[in-house]
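> model this:
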Amino acid sequence: MSNSGKTTADSKSKIFHGYWILAISVFCLGLFSGSGVGVFSLFVTNLQTGFGWGRGEIMLAFTIYYLLTGLAAPVVGWLVDRYGVREVITSGSLLASLGFISLYALQGLWHLYTAYFFIGIGHSAIGQVSTSAMVSNWFVRRRGTAIGIMSTGIGLGILLLAPLVGSFLIPTFGRQVSYAALGLFNMALIPLAIFVVRTRPSDMGLHPDGIVDDDDNARVETLRLSRQGLSLKIALGTSAFWFLCLTFLISGFSSMGVLQNQVPHLQDKGFSLALATSSVTGLGLGSAVGKFFFGWLCDIIKAKYACALSIVLLATATVVLILIRPGAPPAIIWLYAIVFGLGAGGWLPTMSMLVNRNFGLASFGAILGMISLAQAIGVAAGPFFGGYMYDAMATYHWAFIIMVSLYAIAIPAVLTVRRPKSFV
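Model prediction:
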């Protein structure tokens, strides 16, 4: 043992348990993004043809879904702060899996809306609030990088599930089996949550980053860090909180409004479902890289600058999508998708680090949950707005123009954020 009395956790065990926590957080976010967000648009034309519903009516299901992920987020944050992550993730994965499986026997719009109501609550429980709180507790020294790795789950979920569902499950087995498969994927998280997930290293007699200390110094430091920060009540009275809410509400509205309407938009331009689906795959690839990149970047520069950069990439990609014409080469679609994915990769690492650095960890779950609610309102409204604009005008063009214009508000909003003076 060194003179400082500290060694890595590898001296006692081969793998620091925090790495298992990190792996499960990737899986959680992969399910959230892949089964909840990434594949929704792949069912739109199938549902439209099979039931005769309008695209706005179908997109209302996504609006309900994502609105519920946001409305439930503050409650999820409170439950995580009070009771821990394991029970929250277990309950959420069970609820989401049952919602998807019920769609095997889809009865009508009311059923679609009800199922996505419960899927939204379930995915809120396995989403960014639970995983960010868990990973922030297990990693301190390179927290931004750890959150970036965690966040790659969002891109990987889309990257893996979009082609699986859009190019294999739906064409081969149909809509019903595809929904049931999504339910089984979500159910696979339950045993992992029960047997592996722990909220804090102290739950296992460990310390963050795998450090072992024979005296109580590390334990005292861990306790100090977990108590440092502002309460939700105080955070609500700061301008930083409301600028962050505005930033993520707008960026969520515009980015998800484009993402959930890009496949039917490209199909309307004459591109095949397979090629349109490849745009989701490319987006997932870009997002996975972007999540890691922006997590790493938040350890190098201020998180608000990293966030602004991600929004610039989103705006640039949306302009490329607007300019795509029928017969355009697939490379242009992939260029749009990868740049959009890189930009989309920034929201979770930057949101988590902005909350961490401006408000601390004392009420991290509750504060992140409230900001996630603001984002979810935007994310829920964007696809709905795009779908109804299409139903009214038979084109997504003006919806996309409005969405890209709104980024001009989000960028200065995040750059205005300052750490509250009350948080020392």
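> Now do the strands in the stretch 301-424 of the chain.
Per DSSP state E, counting those that start in this stretch, the stretch 301-424 of the chain has no strands. Nothing in it meets that criterion.
> where along it do the helices fall?
Taking DSSP state H, counting those that start in this stretch as the test, the helices found in the stretch 301-424 of the chain are 303-323, 330-344, 347-359, 364-393, 397-415.
> wait, which of the ones you listed is closest to Val197?
helix 364-393 (14.6 Å; C-beta to C-beta). Just so you know, the C-beta spots here come from the backbone N, C-alpha and C atoms, and that holds for glycine as well.
> Now do the buried residues in the closest one.
Using 16 or more other C-beta atoms under 10 Å as the test for burial, helix 364-393 gives 364-390.
> Ok, which of the helices of the stretch 301-424 of the chain comes nearest Tyr113?
helix 364-393 (12.1 Å).
> tell me the angle of that closest one relative to helix 397-415?
With axes from the mean of the first three to the mean of the last three C-alpha atoms, to 10 degrees as the basis, helix 364-393 and helix 397-415 are set at 160 degrees to each other.
> How far does helix 364-393 sit from its chain's centre?
In terms of C-alpha atoms, centre = their mean, to the nearest Å, the centre of helix 364-393 is found 12 Å from the chain centre.
> what pLDDT, on average, does it get?
Mean pLDDT, helix 364-393: 89.
> Just want the angle from that helix to helix 347-359.
Going by the same axes, to 10 degrees, helix 364-393 makes 140 degrees with helix 347-359.
> can you start the count at 48 instead of 1 from here on
New numbering, starting at 48: the last item is helix 411-440.
> Which elements pack onto helix 411-440?
helix 102-130, helix 175-185, helix 279-282, helix 286-306, helix 394-406, helix 444-462 (3 or more C-beta pairs under 8 Å, 6 or more residues apart in numbering; DSSP states H and E).
> pLDDT averaged over the longest one, what's the number?
To tie it back to what came earlier, the one meant is helix 102-130. In this model, helix 102-130 has a mean pLDDT of 89.
> Pipe the helices of the stretch 348-471 of the chain into TSV and attach distance to Ser298 per row.
What follows is the helices of the stretch 348-471 of the chain, written out as TSV (distance: least, C-beta to C-beta, whole Å):
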stretch	distance to Ser298
helix 350-370	6
helix 377-391	9
helix 394-406	7
helix 411-440	7
helix 444-462	5
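> and of those helices, who's closest to Gly146?
helix 411-440 (16.4 Å).
> so where is the stretch 148-297 of the chain shaky, pLDDT-wise?
Within the stretch 148-297 of the chain, the ranges that satisfy pLDDT under 70 run 259-274.
> Indicate which one of the helices of the stretch 348-471 of the chain is closest to Phe74.
helix 394-406 (14.9 Å).
> Output the contacting helices and strands for that closest one.
helix 175-185, helix 190-210, helix 286-306, helix 320-345, helix 350-370, helix 411-440.
> Relative to Val224, which of the helices of the stretch 348-471 of the chain is closest?
Smallest distance to Val224 across the helices of the stretch 348-471 of the chain (C-beta to C-beta): 24.6 Å, for helix 411-440.
> Cool, thanks, talk later.
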